[in-house]
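Enquirer: Next input, structure requested:
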Amino acid sequence: MAQHFPFSAIVGQQEMKLALLITAVDASVGGVMVFGDRGTGKSTAVRGLAALLPKMRAVVGCRYGCDPADEAGACEECRAQLAQDKPRKTHLLPVPVVDLPLGATEDRVVGALDLERVLTQGVKAFEPGLLARAHRGFLYVDEVNLLEDHLVDLLIDVAASGENVVEREGLSVRHPARFVLIGSGNPEEGELRPQLLDRFGLSVEVSTPKDLESRVSVIRRRDEFERDRANFIAHWSKEDQKIQRQIAAARKRLAAVEVPDAFVERAASLCMSLGTDGLRGELTLIRAARATAALHGQMRVTDAHLRQIAVPALRHRLRRSPLDDSGSGVRVARALTELLGA
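Expert: Okay, here's the model as predicted:
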């Protein structure tokens, strides 16, 4: 079993950690785009968080790990079993974290004809790809701004529909592919297409620690982890278990968290003042604020939650202004202050 760096041991990067926790509580928020320097703990945080999530119940033998309680979202094979009223065995699986490498071919991503079965058995069968493996988990794309355009188009389609459709080589396959999309990249190395950027619910910025104390803490913890992983993980296990319980409790109370009409109006007013396109901004604000309240053990969304999540929810949805060269995060914070006061 892989030993991942404990999520609770990550130094700083509070905005990124909160964004990941929000998506762990409510996947409908829409994933996280992480902008920043290399070596700032982006993939470490994703794997550390996934290791904390409770195992998911899946149908035994299902190639996509279908949820037995979600009949509407089942794959074709599981629906066929349901139609025949066959009993289905279930088991627990760890939440998948799948890397989508920059050099991946389209066949590897979406799936393709299983050539081995064609040659050995003469059977035309489908070999699932990375999107199938990521179903109900996390799909992590490092340097997503450098991803080839045809793969970006694929991700946009699947992220929007929650389904992967393969029509090629005489195959016609449709299977569920709902995952939390986590992307990372350095803006200096290439722009991210607006169509894909808009699919991320939250956008956060990480940077190399600028103060000596934080920098030393990062170095020491990483060195201790590399030298004795078992003891380091054991040392941080209590903190990780606290986060684990916090996520589990937040998931249970999420549906009961109240979002007042006044909050919805403020969210809409904020988006209008910033000129965001469409309504994804407001929906993300509401969902992210609800998940944040649930994480904090609160049953009602307040302005304090809006202050916490407004910048990551909206900074990537702003149009560039030729009259304002300040960063998008600064513009959101300024509009928030005008709306709510200092």
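
Enquirer: Please give me every residue in contact with Phe138.
Expert: Counting by CB atoms under 8 Å, 6 or more residues apart in numbering, Phe138 makes contact with Val46, Ala50, Val95, Pro96, Val97, Val98, Phe179, Val180, Leu181, Ile182. Where C-beta positions appear, they are placed from N, C-alpha and C, glycine not excepted.

Enquirer: Now with 7 Å, please.
Expert: Val46, Ala50, Val97, Phe179, Val180, Ile182 (CB atoms under 7 Å, 6 or more residues apart in numbering).

Enquirer: any weak-confidence spans in the stretch 101-250 of the chain?
Expert: 114-119, 121-124, 169, 190 (pLDDT under 70).

Enquirer: residue ranges of the strands in it, please?
Expert: 111-113, 126-128, 138-141, 163-168, 171-176, 180-185, 202-206 (DSSP state E, counting those that start in this stretch).

Enquirer: Show me what the fifth one packs onto, helices and strands only.
Expert: Read that as strand 171-176. Counting contacts by 3 or more CB pairs under 7 Å, 6 or more residues apart in numbering; DSSP states H and E, strand 171-176 packs against strand 163-168.

Enquirer: chain center to the strand it packs on, what's the gap?
Expert: Here strand 163-168 shows a centroid-to-chain-centroid distance of 22 Å under the convention CA atoms, centre = their mean, to the nearest Å.

Enquirer: coming back round to it: between the strands of the stretch 101-250 of the chain, which one is closest to Arg334.
Expert: Of all those, it is strand 202-206 that lies closest to Arg334, at 16.6 Å by CB to CB.

Enquirer: circling back to that earlier point, between the strands of the stretch 101-250 of the chain, which one is closest to Glu71.
Expert: Once the strands of the stretch 101-250 of the chain are compared by CB to CB, strand 171-176 is nearest, at 11.6 Å.

Enquirer: what about the nearest residue to Arg253 once chain neighbours are set aside, which helix or strand?
Expert: Once flanking residues are discounted, Arg253 sits nearest to Ala294: 5.1 Å by CB to CB, 6 or more residues apart in numbering. Using DSSP states H and E, Ala294 maps to helix 280-295.

Enquirer: Need the residues that contact that helix.
Expert: With CB under 7 Å, 6+ apart, helix 280-295 has contacts from 21-22, 25-26, 28-30, 198, 201-202, 246, 250, 253-254, 257, 259, 264, 267-268, 271, 300-301, 305-306, 308-310, 313-314, 317.

Enquirer: Try it again at 6 Å.
Expert: Residues outside helix 280-295 that contact it (CB atoms under 6 Å, 6 or more residues apart in numbering): 21-22, 25-26, 28-29, 201, 250, 253-254, 257, 259, 267-268, 271, 301, 305-306, 308-309, 313-314, 317.

Enquirer: Following the chain past it, name the next helix or strand.
Expert: Moving toward the C-terminus from helix 280-295, the next element (DSSP H and E) is helix 303-314.

Enquirer: Could I get the average pLDDT for the next helix or strand after that following helix?
Expert: Counting by DSSP H and E, the next helix or strand C-terminal to helix 303-314 is helix 328-340. Averaged over helix 328-340, pLDDT sits at 85.

Enquirer: Tell me how many other residues surround Gly275.
Expert: 12 (other CB atoms under 10 Å).

Enquirer: OK, contacts around it?
Expert: Gly275 neighbours (CB under 6 Å, 6+ apart): none.

Enquirer: how about it, phi and psi?
Expert: phi 70, psi 30 (degrees, to the nearest 10).

Enquirer: Return the distance of it relative to Arg300.
Expert: Note on Gly275: its distance to Arg300, by CB to CB, to the nearest Å, is 29 Å.

Enquirer: Same question for Val34.
Expert: 30 Å.

Enquirer: This completes my enquiry, with thanks.
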